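1. Mind folding the following:
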Amino acid sequence: MSSESAHVSENEDSSNQDEHEGSESLSEHGSEDHVSHANGAAIVKDSHELEKIEAEQHESDFSDEQEGSDGEETGKEGQEDERSSEYDEDEDDEDDDDDDDEPALKYERIGGSLNDLLKKDSASAMAISNKLLALGTHSGIVHILDLTGKRIKSFKPHQASVCDMSLDASADFVATASMDGQVVIHSLTTPESYAFDLKRPMRTVALDPEFARRNSRAFVCGGMAGSLVLREKGWLGHKETVLHSGEGPIWHVRWRDHLIAWANDLGVKIYDTVSQSRITFIDRPAGSPRADLFKCTLHWQDDSTILIGWADYIKVARIRTRPRNTTTSTTASLPSLIVEITATFQLDCMISGIVPHPMPSPGAPKTNGSSAVPPALTTFLILAYEPPDTSFLSGNEMTEDRAQQARKAAERPELRIISRAGEELAADALSISSFQSWSCNDYVLGELEDEKNRRCYVVLSPKDIVIVRSRDRRDHIAWLVERKRYEEALEELEHLGEDGPAAEAHGPPVDATEIGERYIRHLVGEGDFVKAARLCPKVCGQDTKRWEDWIFVFAQNTQLQAITPYVPTESPRLSHLVYEMVLGHFLTHDKHALLQMIKDWPREIYDIHAVIVAVQSELDRLPSSSSTSTSAPDSVLLMECLAELFTANRQPGKALPFFLRLRRSNVFDLIREHNLFTDVQDQALLLVEFDYELIEKRRKEGEEVDPEQSDAITLLVDHTHSIPVARVVKQLQSRQYYLFLYLDALFAKDPHLAFDFADLQVTLYAEYATPRLIDYLRASSYYNLEAAYNVCKGRDLVPEMVFLLGRMGNNKKALTLIIERLGDVHRAIEFAKEQSDDDLWEDLLKYSETRPAFIRGLLENVGAEIDPIRLIRRIKNGLEIPGLKEALIKILHDFHLQISLLEGCQTILNGDSSDLAKTRQKGQTGGFFVTAKNTCPMCSELLLRTPQDLLLLFLCRHVAHACCVAGTEDLPEQPDPGLLRVGLVDPVGVGMSGKIAFASVVRAKVHQGCPVCHKKVEGDRM
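-> Purely as a prediction, here's the structure:
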């Protein structure tokens, strides 16, 4: 394809120049007009003879067509009647090389009554409007159909072929132009109709788009006479206006809004009905074939854009208003509109029809299944025809070769999507009945909106009408499934719901389950069982039977391990035989997976008793199952399975032996969960030993553990109601350390639980936790003091002995032990403080008289309990006390420090009080702004008003009218500030001294102070 640059075509010539141009064109091209017959070729120099021959040709072609079709139907024994409504049934002969390219369009042949209508007739023209389709035939009959092929109305306005048709915007009127020289306008809803005999074959007609709404009933028509006639209805009948003539036959005309475009032998012209002038001329490309062999197609894309398809050229013209920057005598007479050729390119085929085609943007947002913004008309859809005979291009039409003169079979027509740059984006060959017999002019392409307001197209041939639609997501899914690209199909299927109801297509809905099953079957055939199993949840969903069927398929292929992770256990729930089959498979092949399934699967989905029997039988067959050894991995796994099964079957007692043999720490959880405490009350020592084995094992593995944190001890202590303390103590007598841990934990939980064994605990603390003995002695009151003292004395535990002597009341002996055995003056002082005994202090002072170190210690640690003077007076003369000076200095320093602290605190207190007083004074005496919107808190009226009242400002910052405050009724009047400023009032008494005097009078009158604060105080009291 070749593309040419855009240009602007303007008709700036005068009408005389146009007429001269037309006459020259007619003289130049009149001798070249000719018609191609089936029997040969002829040259027609007279236009009347041309019209006659063309009429005869259409009639003979039509009769031959009928005879050929009848003979073909007889020879094929009615195969034509059996064709399906599905469009794709005739596409078996398509080339398989294009299978990987998805078509952009889909096709559907219109059925219904259309097949019967075209059996003995053939279509020649078509018009579409408002979801109605008007069909004209070579017999001169007009049929009105809907998009399903249902016939709504039929009538016969002509005696020869209908060449062109036009519907107005409301689809109320249909106009037809025929070879019989007549133009007929027929109303589809009323008896109104018009018929015009123009005496010459008519090739085209176009109604005013608002024909039904306007009284003018305007239309335009043209034909072999070479004149384009505009007819309008007036008071005295129809008025005829010749818009153009003298340039050969009018081949095609189309009307949009106020613009009329038509094509003749020289090119395309556009007429503006508003200015009643022709605005442009678009010439045919040089070297174009004859205008009558390959029709011109005009299609208005919108009110200002027209698409022109003629032979193998496409031009796009845009009409816009002429800029009026400057007006000169030359430009003043030019039309108000100009035309720009925005695109022009040549194709490798002939064009039977052209319409704009939308291409949605890849990232266009969607709302309720449709694009939020309508897709731009960025491409063209053309009906392409490849001529079988190209002699008209080589100029060899007058050949005498009979083989070249014979009529050649035509190729299939194609629908092609062409970009605005002329690039072919997609192409589909159409399956048209008897396409070998049709020429380029036998096809018509139109566009419309279907019943769901979706853009679609209509392709007309003499024997077919095909509806063309853009392929949607459902079609894409079906295309993927046909090519076994199931994964992509399922991905598209997930997005199908996002497109909404507008995405529904004709035909049955997409069955996601069927596609998924086909995909699974394909994967199983390929041996990809893992991927197939992963797909099963989406495909099988809640269908129990489908689940079971696929599980059995995996079982037959010994691939249950692939589908097991996806087998549903809750919703849906399958037959128990399926689950037992899976468990049996893993009992033989994978005991690790068996154990995991027993843990994860609910016990209700299979017969747990049957599974227990099977697992027990498998365990008994193993050589190590009867011994205590658990080194064999299979034995360990099977015992774990049995322990889990018994636990799930509410038989924890049978599960406990397996947990103990396995040395599993969850044995304690099992005991707690199932309340097996009475079953282990005689196994206390074994439980503790087992627990410490686990602790030691974790310690060797590098885990940080606390030996005193034992699960067994915790279990025994937490359930003393089921496991008596005395029975546990009796069992642990042989293991004193375990007994200590047990009694220690028991005492920590509740000291009263172990009161019978308090003396034993003293001995155990002294043996295994000596540092904690003093804490126990302080916390407990159940032990025998004498026995505890003897235990401590036997181990020479002086601090404990001191505590026990103090508790027994022998404070002097305890103090003696501290002084003589420990020599700790600080401890002696603390002991004296604890006892709060003045005699003990006296004894301490007495003991200290001969001990300088004690005297110094007392001096350094003296406090409120003893007067330093009392201690200093007891020091004997001549007694040398090391560090006495420093101790005395320290005493004095401490007293000075106390005095300094007191003085500093007093200074801070005085400063804070002064600052707060100043802040309060500043807040009470400072001024503040009063605006015009401030109101009196007593009367709620504005403070500032005319005349201005006396305002009272209180220290609490409340402002009120003086008249609203009690006691101010007889205040002396103050002069008006306004009069004072202009000098109308004596200024005596209004100075600072006068203001102070007046404030004193007011203060004396207002006894209660601020009325607002007084009111609040009274309210609080009430």
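2. which helices and strands does the longest helix out of those in the chain pack with?
-> In the chain, assigned by DSSP state H, the helix with the most residues is helix 884-925. Using 3 or more Cβ pairs under 8 Å, 6 or more residues apart in numbering; DSSP states H and E, the elements in contact with helix 884-925 are helix 852-861. Just so you know, the C-beta spots here come from the backbone N, C-alpha and C atoms, and that holds for glycine as well.
3. still on that earlier bit, centre of the chain to the longest helix of the chain, how far?
-> Remark: helix 884-925 is offset 70 Å from the chain centroid, using Cα atoms, centre = their mean, to the nearest Å.
4. What ranges in the stretch 1-150 of the chain fall below the confidence cut-off?
-> 1-100 (pLDDT under 70).
5. go with 80
-> 1-101, 112 (pLDDT under 80).
6. From residue 343, how far off is the closest residue to residue 262 other than its chain neighbours?
-> Counting by Cβ to Cβ, 6 or more residues apart in numbering, residue 253 is the residue found nearest to residue 262 once chain neighbours are left out, at 4.0 Å. Distance, residue 253 to residue 343, using Cβ to Cβ, to the nearest Å: 22 Å.
7. between those two, who's got more neighbours?
-> Between residue 253 and residue 343, counted using other Cβ atoms under 10 Å, residue 253 has the larger neighbour count: 28 against 20.
8. wait, the more buried one sits on residue 207?
-> No: taking contacts as Cβ atoms under 8 Å, residue 253 lies outside contact range of residue 207: 10.5 Å.
9. where does the stretch 801-950 of the chain dip in pLDDT?
-> Using pLDDT under 80, the stretch 801-950 of the chain drops low at 801-895, 898, 923-929, 932, 947-949.
10. need the helices for the stretch 551-700 of the chain, in chain order.
-> 560-563, 576-589, 591-600, 608-621, 633-648, 652-661, 666-674, 684-700 (DSSP state H, counting those that start in this stretch).
11. Including mean pLDDT, mean neighbour count and distance to residue 886, could the ones you listed go into CSV?
-> As requested, those are exported to CSV (pLDDT from 0 to 100; neighbours: other Cβ atoms under 10 Å; distance: least, Cβ to Cβ, whole Å):
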stretch, mean pLDDT, mean neighbour count, distance to residue 886
helix 560-563, 90, 20, 87
helix 576-589, 91, 17, 86
helix 591-600, 91, 17, 75
helix 608-621, 91, 16, 84
helix 633-648, 88, 20, 75
helix 652-661, 78, 18, 70
helix 666-674, 79, 17, 62
helix 684-700, 82, 17, 53
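12. Between those helices, which one is closest to residue 159.
-> Nearest to residue 159 among the helices of the stretch 551-700 of the chain is helix 560-563; the distance by Cβ to Cβ comes to 75.0 Å.
13. helices or strands up against the closest one?
-> helix 529-540, helix 544-556, helix 576-589.
14. which residues sit in contact with residue 532?
-> Contact analysis of residue 532 by Cβ atoms under 8 Å, 6 or more residues apart in numbering lists 519-520, 523-524, 562-563.
15. Can you lay out these as TSV showing distance to residue 536?
-> As requested, the contacts of residue 532 are arranged in TSV below (distance: Cβ to Cβ, whole Å):
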residue	distance to residue 536
519	10
520	7
523	10
524	11
562	10
563	6
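16. Looking at the residues you listed, spot the one nearest residue 636.
-> Distances from residue 636 to the contacts of residue 532, taken by Cβ to Cβ, are shortest for residue 562, at 26.2 Å.
17. Mind listing what's buried along the host helix or strand of residue 774?
-> Following DSSP states H and E, the helix or strand that holds residue 774 is helix 773-779. Neighbour-count burial for helix 773-779, counted by 16 or more other Cβ atoms under 10 Å, picks out 773-774, 776-777.
18. Same check on stretch 998-1012?
-> Residues of stretch 998-1012 classed as buried by neighbour count (16+ other Cβ under 10 Å): 998, 1002, 1006, 1010-1012.
19. which residues are in contact with it?
-> Under Cβ under 8 Å, 6+ apart, the answer for stretch 998-1012 is 937-938, 952, 954-956, 958, 960, 962, 964-968, 970-972, 974, 1014.
20. Would you mind measuring the gap between the ends of that stretch?
-> 22 Å (Cα to Cα, to the nearest Å).
21. quick check, nearest of the buried residues of stretch 998-1012 to residue 587?
-> Of the buried residues of stretch 998-1012, the one sitting nearest to residue 587 (Cβ to Cβ) turns out to be residue 1012, at 91.4 Å.
22. Out of the contacts of stretch 998-1012, list just those in strands.
-> Mapping the contacts of stretch 998-1012 onto strands (DSSP state E) picks out 952, 960.
23. re earlier: who wins for proximity to residue 745 among the helices and strands packed on helix 560-563?
-> helix 576-589 (43.0 Å).
24. Touching that closest one from outside, list them.
-> Here helix 576-589 has contacts from 547-548, 551, 555, 560-561, 564, 567, 569, 593-594, 597-598, 601, 605-607, 610-611, 614-615, 618, using Cβ under 8 Å, 6+ apart.
25. So what's the gap between that helix and the chain middle?
-> On Cα atoms, centre = their mean, the centre of helix 576-589 falls 42 Å from the chain's centre.
26. again with stretch 121-135
-> Worked out by Cα atoms, centre = their mean, stretch 121-135 lies 45 Å from the chain centre.
27. How about stretch 792-806?
-> With Cα atoms, centre = their mean, you get 78 Å for stretch 792-806.
28. just the CA coordinates of that stretch, formatted as CSV?
-> Below are the C-alpha coordinates for stretch 792-806, written out as CSV (Å, rounded to 0.1, in the frame of the first residue of the first chain):
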residue,chain,number,x,y,z
CYS,A,792,21.5,-23.7,110.8
LYS,A,793,23.8,-24.2,113.8
GLY,A,794,24.9,-27.6,112.5
ARG,A,795,25.9,-25.9,109.2
ASP,A,796,27.2,-22.7,110.9
LEU,A,797,24.8,-20.4,109.1
VAL,A,798,25.2,-17.3,111.2
PRO,A,799,22.8,-14.9,109.4
GLU,A,800,20.0,-17.5,109.6
MET,A,801,20.9,-18.2,113.3
VAL,A,802,20.7,-14.4,114.0
PHE,A,803,17.3,-14.2,112.3
LEU,A,804,16.0,-17.2,114.2
LEU,A,805,17.3,-15.9,117.6
GLY,A,806,15.6,-12.6,116.8
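29. buried set for that stretch?
-> Of the residues in stretch 792-806, those buried (16+ other Cβ under 10 Å) are 792, 797-806.
30. show me where pLDDT drops low in the stretch 401-550 of the chain?
-> Ranges of the stretch 401-550 of the chain meeting pLDDT under 80: 401-408, 450-453, 487, 489-512.
31. what ranges do the helices span in it?
-> Counting by DSSP H, counting those that start in this stretch, the helices of the stretch 401-550 of the chain are 402-405, 473-482, 486-496, 512-526, 529-540, 544-556.
32. Since that was my last question, I'll sign off now.
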